[in-house]
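Chemist: Build me a model:
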Amino acid sequence: EYKIKDDAVVIAFTGRLLKEKGIYELIEAVERYNHTQNEKVYLLLAGEGEEMDYVKRHQSEYIVPLGRLKFEDIISLLVQSDIFCLPSVSEGFSTSALEAAACSCYIITTERGGTKELVAGEEYGAVMPDNSVEHIYRAVDRAVRDAELRKKGQELCYNRLKDKFTWQHT
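Modeler: Below you'll find the predicted structure:
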C-alpha cells in the first residue's frame, strides 16, 4: 500500500501523538538515520493527538503518518513491521508494546514505565536510559545492522509475553 520494498526495515509507532511519547525525537532520529546511512528505514506512525501537525510536516517517502487506525489495522501494521519504537518519557505498561511483542516486533523503548518488564534485558530488545535523539539513533542503527540481534529479541520478547503476560498469568 505504501510502496515499501519487502526487504526494507520498517519501524512502527502506535499510540497517542504526544510530546511525552517521544514523537519529536523519534522523527528526528529517523530523519538523521536516513540522511547519514545508505540503507533507509521507514517510520509508520499510527495514532492521533496534539502533535499530528508536527508529524504531517515531517511526512516524506520514509516517514508516513497513518492517523487513527482500527485495531485490526494496527495488528496488520505491527505484523508487517520489523521494529516497534516507543521512546516515551512517561509511560505505564504500554498495551502497544504488548501488541508489538505478540506480532514479533523488535522493541526499542525507554526505562520509563513497565515496558522494561517485557524487554527484560539487552537480548530482548533495546531499553534506552532516555529518549534522546542520539539514543534512538544508536538503537535503530544497531537493530537495522544486526538482523540476528533483531530476530533473537523478537523471539525472546514473544516467548516472554506468552510466559508472563497473558490473562492466565495476571
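Chemist: Need the single longest helix in the chain, by residues.
Modeler: Longest helix of the chain, by residue count under DSSP state H: helix 147-164.
Chemist: per-residue confidence averaged over that one?
Modeler: Helix 147-164 shows a mean pLDDT of 95.
Chemist: Same check on stretch 93-100?
Modeler: Mean predicted lDDT for stretch 93-100 stands at 88.
Chemist: Can you list the buried residues in that stretch?
Modeler: Ser94, Ser96, Ala97, Leu98, Glu99, Ala100 (16 or more other CB atoms under 10 Å). Bear in mind the C-beta positions are built from the backbone N, C-alpha and C, glycine included.
Chemist: The first one against Arg112, yeah?
Modeler: If I follow you right, that is Ser94. No: the criterion here is CB atoms under 8 Å, and Ser94 misses it with Arg112 at 9.7 Å.
Chemist: Lowest mean pLDDT among the helices and strands of the chain, which one is it?
Modeler: helix 115-118 (a mean of 83; mean pLDDT, DSSP states H and E).
Chemist: What ranges does this structure have for its helices?
Modeler: 23-36, 52-57, 71-79, 95-102, 115-118, 133-145, 147-164.
Chemist: could you redo the ones you listed as TSV and give each row distance to Val127?
Modeler: Listed next are the helices of the chain as TSV, based on distance: least, CB to CB, whole Å:
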stretch	distance to Val127
helix 23-36	15
helix 52-57	24
helix 71-79	19
helix 95-102	11
helix 115-118	5
helix 133-145	9
helix 147-164	11
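Chemist: Which among the ones you listed is found nearest to Gly15?
Modeler: With distances scored as CB to CB, the stretch of the helices of the chain nearest to Gly15 is helix 95-102 (5.1 Å).
Chemist: if we can go back for a sec, check what contacts the longest helix of the chain and list those residues.
Modeler: By CB atoms under 8 Å, 6 or more residues apart in numbering, the residues outside helix 147-164 that reach it are 82-83, 98, 101-102, 104-107, 118-120, 123-126, 142-143, 169.
Chemist: From the residues you listed, keep the buried residues only.
Modeler: 82-83, 98, 101-102, 104-107, 118-119, 124-126, 143.
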